[in-house]
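Asks: Would you be able to build a 3D model of this:
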Amino acid sequence: MNIEEKTGELLRSQGLTLSTAESCTGGGVAALVTSVPGSSEYFKGGIVAYANEVKESLLGVSPHTLEKHGAVSQETVVEMVQGVMKSMKTDCAIATSGIAGPGGGSLEKPVGTIWMAVACKGEITTLKEEGDLGRAQNVQRTIRDALGLLCKELEKAKDTKNSLPTSASQQTYLRETRHHPHEKSNRQDV
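Replies: Reported below is the predicted structural model:
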């Protein structure tokens, strides 16, 4: 079973819905999710928010967050995932924002720096990827890893018999960092 089918199976079996807010992946997550027959049972829709104005107006990302942390940041993807869940009224959501390349990078945020957030039933998990594999591979890696991260969270929810917190005040933020395949992997809680 591939990742998009596994995602659909987990969402369907738990009666959950999904939405997406995508920047650097340009709708690729939504496209892969909807490539599965019957995905309309669990997928409500997505917003491609490439420009900051769209992140602000359609997803409710704070201009202060964008100014202080930038579009490619943990803070921004958290606000994106919260905004799309609210606007689409879904149980789960995925958000992506990054520098796919080949240009646009800086010393602080080089090409291949990508943040993603997955929210499910009040819990938000974020993942930062680093390492430039080339634009197409950076985007494809992010799409697959975002769905993989959602599956991991859905499996946890299934294992705990859907007992995850549901109020925004009980949200848990987890930061995972994945480096270029040739570097050591580092994971830390925030």
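
Asks: what residues are up against the nearest residue to Leu32 once chain neighbours are set aside?
Replies: Once flanking residues are discounted, Leu32 sits nearest to Glu4: 4.8 Å by CB to CB, 6 or more residues apart in numbering. All C-beta atoms are positioned from the backbone trio N, CA, C, and that covers glycine. Counting by CB atoms under 8 Å, 6 or more residues apart in numbering, Glu4 makes contact with Leu32, Val33, Ser35, Val36, Leu147.

Asks: Tell me the secondary structure at the last one.
Replies: Secondary structure, DSSP: H, G, I helix; E, B strand; the rest coil: Leu147 is helix.

Asks: packing partners for the host helix or strand of Lys152?
Replies: Taking DSSP states H and E as the definition, one finds Lys152 inside helix 135-159. With contacts taken as 3 or more CB pairs under 8 Å, 6 or more residues apart in numbering; DSSP states H and E, helix 135-159 sits against helix 3-14, helix 28-33, strand 92-98, strand 114-120, strand 123-129.

Asks: Just the closest of the contacts of Glu4 to Gln140, please.
Replies: Leu32 (9.5 Å; CB to CB).

Asks: pretty sure the closest one contacts Asp145?
Replies: No: using CB atoms under 8 Å, Leu32 is not in contact with Asp145; the gap is 11.8 Å.

Asks: List the contacts of the helix holding Lys152.
Replies: Residues outside helix 135-159 that contact it (CB under 8 Å, 6+ apart): 3-4, 6-7, 10-11, 13-14, 16, 18, 24-26, 28-29, 32-33, 92, 94, 96, 98, 100-102, 111-112, 114, 116, 118, 120-121, 123, 125, 127, 129, 132-133, 164, 178.

Asks: list the buried ones in that helix?
Replies: 135, 138-147, 149-151, 153-154, 157 (16 or more other CB atoms under 10 Å).

Asks: Average pLDDT for it, rounded please.
Replies: Average pLDDT, helix 135-159: 94.

Asks: Now distance to Ser73 too, for the helices and strands packed on helix 135-159, in JSON lines please.
Replies: Shown next, in JSON lines, are the helices and strands packed on helix 135-159 (distance: least, CB to CB, whole Å):
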{"stretch": "helix 3-14", "distance to Ser73": "25"}
{"stretch": "helix 28-33", "distance to Ser73": "19"}
{"stretch": "strand 92-98", "distance to Ser73": "8"}
{"stretch": "strand 114-120", "distance to Ser73": "6"}
{"stretch": "strand 123-129", "distance to Ser73": "9"}
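
Asks: Let's have these in JSON lines, adding mean pLDDT and distance to Lys86.
Replies: Shown next, in JSON lines, are the helices and strands packed on helix 135-159 (pLDDT from 0 to 100; distance: least, CB to CB, whole Å):
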{"stretch": "helix 3-14", "mean pLDDT": "97", "distance to Lys86": "19"}
{"stretch": "helix 28-33", "mean pLDDT": "98", "distance to Lys86": "17"}
{"stretch": "strand 92-98", "mean pLDDT": "98", "distance to Lys86": "9"}
{"stretch": "strand 114-120", "mean pLDDT": "97", "distance to Lys86": "10"}
{"stretch": "strand 123-129", "mean pLDDT": "95", "distance to Lys86": "13"}
